[in-house]
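Need a 3D model of the following:
(chains A, B, C and D)
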Number of protein chains: 2
Amino acid sequence: MDTQNTLTTPGEGPLYMQVRKLLTQRISNGAWPPGHLIPSEIKLAQELGVSQGTVRKAVDDLVSNNVLVRHQGKGTFVAIHDTRRALFHFFPMVGDDGQRVLPDSRALSVRRLRAKKSEAQALGLQAGARVIRIERTRDLNDQPTIVESIVLPAASFPELGKSGSEPLPNTLYELYEERYGITIHRAEEQLRAVAASARDAKLLGIEPGAPLLEITRLARTLNGTPVELRVSRCLTRAHHYQSSFV
Amino acid sequence: MDTQNTLTTPGEGPLYMQVRKLLTQRISNGAWPPGHLIPSEIKLAQELGVSQGTVRKAVDDLVSNNVLVRHQGKGTFVAIHDTRRALFHFFPMVGDDGQRVLPDSRALSVRRLRAKKSEAQALGLQAGARVIRIERTRDLNDQPTIVESIVLPAASFPELGKSGSEPLPNTLYELYEERYGITIHRAEEQLRAVAASARDAKLLGIEPGAPLLEITRLARTLNGTPVELRVSRCLTRAHHYQSSFV
DNA sequence: GAGTGGTCTAGACCACGCT
DNA sequence: GCGTGGTCTAGACCACTCT
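Got it, this is the predicted structure:
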């Protein structure tokens, strides 16, 4: 552990970026876990030998990226994946009336097997590496609406899916964070329209060939490591995918 | 015109928010059109009787919302809708290889008629108000890929669609900006999977019932006024909708 | 009252683009 | 060389939370 600050070296870019990098490291290496109260701006400034304004700029940056959360009068905390956050940040399906609904999930199977070529490539694993595959359906407003297939690197989730382990929670990202210390910070999604397979149709109670919205998501940790590949096929009769941009 | 600054009144929230609001007004009322070089931070600070840091914070905010663009050594400019910006900010369809492609558009019809109820509601118009409806198809990599229907309030686009007017350009948002002084700043989209109609199928060269990605977009100006309602039905065989979030 | 983040100021120096 | 934004500092006061 380098207890010495390395913020004195020039040529490493702006000071506040170095501070930002240092804070990011402390978060992603687990020194400051989710929910942790980090030192005050004054303390950090003294510790690092910079002004409060410089620390503030670094913190501003991380707050706008949803990595830190400020609470006036209390302090600054590492962001946490409560159900609300997971719902608002990582679940883009919304009722046609605009209401957000918490999905109900039912796991069909959890298996440990070897990655397909495309899965290994997306997750940055060796060909044939061990993965966990979760198959489940999700209800929205008590209607079966989503068929989901999730692939995780087995090495990062040691116990998951072994016989006798507890049932899967509704929001997996909370599980990743609490049980495995893995926090999802960003994700990229690809959307396509596909025809329902016989299996999709059976699970969703629709006719084969009906149009479904297919979402392929690659989720990453703070430092960019991909940790989850998820394919969701969604019925969009009473719900839709919500997106907005500036 | 109030040439007098009203930044002295307390109880109106933080100073930098008042500055931000004032800058926003000057942009959205046309005093500072797209591409305009705005006064330097120092000048603005003097003019408004605040410190440079306060102006800077307001400008920071508008830059992060893509309203202003800074160029070190040159100044700060009102953001402009060149083709590149339109493509990167407002066209989320990407080739399956990850390459962005500029679509080729062919207008089928441009008509002036009365708004349907749902259209009037979305655009905030009176029932039965006059609108312009544009129907077109768009090619991606020389393949017919998108069938699009666009509805605009006729009152805001006086000449458009009248007989003898020039052909529509590829990127409409440039036209809105250059010809009508209307700049699109944000948009909300709803995505669904739908089955191709007979018309869709004919235009795209596919069989009826094939799954299409339907994107319903409501585009707004800086001050939030909705100005365009667009429904795009996209073939997602070689392309997909790209989305990412933190 | 003590400690925290939130706002605001005044001034310094650097990096960049223009002329 | 001058004016621009980009970074950094030091210090002030306010609003909020907790004890």
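
With adjacent residues omitted, what lies nearest to residue A:101?
Distances taken as CB to CB, 6 or more residues apart in numbering or on different chains put residue A:140 closest to residue A:101, at 5.2 Å, once the chain neighbours are dropped. Placement of C-beta: from N, CA and C, glycine included.

Let me fix that, I meant to ask about residue A:206.
Closest to residue A:206 by CB to CB, 6+ apart is residue A:196, at 6.0 Å.

Next: residue A:16.
Nearest one to residue A:16, counting by CB to CB, 6+ apart, is residue A:57 at 4.2 Å.

Tell me if I am right that that neighbour is in a helix.
Yes. Looking at residue A:57 with DSSP: H, G, I helix; E, B strand; the rest coil, it is inside a helix.

Go ahead and confirm it touches residue A:17.
No. Between residue A:57 and residue A:17 there is no contact under CB atoms under 8 Å: 9.1 Å.

So between these two, which is more surrounded?
Legend: neighbour count by other CB atoms under 10 Å in any protein chain shown for residue A:57 and residue A:17, higher for residue A:57 (17 against 14).

Quick one, grab the pLDDT at the more buried one.
If you check residue A:57, the pLDDT there is 98.

Give me the distance between it and residue B:118.
Distance, residue A:57 to residue B:118, by CB to CB, to the nearest Å: 46 Å.

Need the three-state assignment for residue A:54.
Classified using three-state DSSP, residue A:54 is helix.

Quick one: residues contacting it.
By CB atoms under 8 Å, 6 or more residues apart in numbering or on different chains, residue A:54 lies in contact with A:15-16, A:19, A:45.

Considering these, which possesses the most neighbours?
Busiest of those [other CB under 10 Å] is residue A:19, holding 24 neighbours.

pretty sure it belongs to a helix, no?
Yes. The assignment for residue A:19 by three-state DSSP puts it in a helix.

Compute the number of surrounding residues for the nearest residue to it once chain neighbours are set aside.
Leaving aside its sequence neighbours, residue A:19 sits nearest to residue A:58 (CB to CB, 6+ apart; 3.9 Å). When neighbours are defined as other CB under 10 Å, residue A:58 has 25 of them.

do the same with residue A:161
There are 19 residues near residue A:161, going by other CB under 10 Å.

buried set for whichever strand or helix holds residue A:108?
Residue A:108 belongs to strand A:104-114 when assigned by DSSP states H and E. Buried residues in strand A:104-114, counting neighbours by 16 or more other CB atoms under 10 Å in any protein chain shown, are found at A:105, A:110.

what's the helix or strand that comes right after that strand packed up against?
Following strand A:104-114 in sequence order, the next helix or strand is helix A:117-123 (DSSP H and E). In terms of contacts (3 or more CB pairs under 8 Å, 6 or more residues apart in numbering or on different chains; DSSP states H and E), helix A:117-123 is packed against strand A:130-140, strand A:143-153, strand A:226-234.

near chain B, which residues of chain A?
Counting by CB under 8 Å from any CB of the partner chain, the residues of chain A lying close to chain B are A:64-66, A:89-90, A:92, A:185-195, A:209-214, A:234, A:236, A:240-246.

run the last query once more with 7 Å
Within chain A, the positions near chain B by CB under 7 Å from any CB of the partner chain are A:65-66, A:89, A:185-195, A:211-213, A:236, A:240-246.

give me every residue that touches the residue nearest to the spatial centre of chain A.
For chain A, residue A:184 is the residue whose C-alpha lies nearest the centre (CA atoms, centre = their mean; 2.7 Å). Listed by CB atoms under 7 Å, 6 or more residues apart in numbering or on different chains, the contact set of residue A:184 reads A:90, A:173, A:176, A:219, A:221.

Quick check: it is in a strand.
No. With three-state DSSP as the criterion, residue A:184 is located in coil rather than a strand.

so what pLDDT did it get?
94.

what do you get for the one 5 residues further on?
In this prediction, residue A:189 carries a pLDDT score of 97.

Quickly list what it is bridged to.
residue A:217, residue B:243 (DSSP bridges).

how many neighbours does it have?
Counted with other CB under 10 Å, residue A:189 comes out at 21.

where does chain A have low pLDDT?
A:1-11, A:163-165 (pLDDT under 70).

Other residues contacting stretch A:81-95?
A:34, A:66, A:100-102, A:140-141, A:171, A:173-174, A:177, A:183-184, A:187, A:234, A:238-243, B:245.

Please apply the same query to stretch A:25-38.
So stretch A:25-38 is contacted by A:67, A:75-81, A:177, A:181, A:183, A:221-223 (CB under 7 Å, 6+ apart).

starting at the chain centroid, how far to that stretch?
16 Å (CA atoms, centre = their mean, to the nearest Å).

coming back round to it: tell me the helices and strands packed up against the strand holding residue A:108.
strand A:130-140 (3 or more CB pairs under 7 Å, 6 or more residues apart in numbering or on different chains; DSSP states H and E).

ok, the strand it packs on: who's next to it in the sheet?
strand A:104-114 (antiparallel), strand A:143-153 (antiparallel).

That one to strand A:226-234, inter-axis angle?
40 degrees (axes from the mean of the first three to the mean of the last three CA atoms, to 10 degrees).

May I have strand A:130-140 exported as CSV, CA atoms only?
Presented in CSV, the C-alpha positions along strand A:130-140 are these (Å, rounded to 0.1, in the frame of the first residue of the first chain):
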residue,chain,number,x,y,z
ARG,A,130,-16.6,-21.3,-16.6
VAL,A,131,-19.7,-19.2,-16.4
ILE,A,132,-23.0,-19.1,-14.6
ARG,A,133,-26.1,-18.9,-16.7
ILE,A,134,-29.4,-17.7,-15.1
GLU,A,135,-32.6,-18.2,-17.0
ARG,A,136,-35.7,-16.4,-15.6
THR,A,137,-38.9,-14.6,-16.5
ARG,A,138,-40.1,-11.4,-15.1
ASP,A,139,-43.6,-10.1,-14.5
LEU,A,140,-44.7,-6.5,-14.9
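
and that strand, how far out from the chain's middle?
With CA atoms, centre = their mean, you get 15 Å for strand A:130-140.

Ok, stretch A:150-159 next?
How far stretch A:150-159 lies from its chain's middle: 14 Å, per CA atoms, centre = their mean.

Just the CA trace of it, in CSV.
Extracted C-alpha coordinates of stretch A:150-159, given in CSV (Å, rounded to 0.1, in the frame of the first residue of the first chain):
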residue,chain,number,x,y,z
ILE,A,150,-27.9,-13.8,-17.8
VAL,A,151,-24.3,-14.9,-18.1
LEU,A,152,-21.7,-14.2,-15.3
PRO,A,153,-18.0,-15.2,-15.0
ALA,A,154,-18.1,-18.1,-12.5
ALA,A,155,-14.7,-17.0,-11.0
SER,A,156,-16.2,-13.7,-9.7
PHE,A,157,-19.3,-15.3,-8.2
PRO,A,158,-17.9,-18.3,-6.3
GLU,A,159,-21.0,-19.7,-4.4
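
Contacts for it, please.
Contact partners of stretch A:150-159, identified using CB under 7 Å, 6+ apart, comprise A:112, A:119, A:123, A:125, A:129-134, A:165, A:180, A:182, A:227-230.

let's go with 6 Å and repeat that
Residues outside stretch A:150-159 that contact it (CB atoms under 6 Å, 6 or more residues apart in numbering or on different chains): A:112, A:119, A:123, A:125, A:130-134, A:165, A:180, A:228-230.
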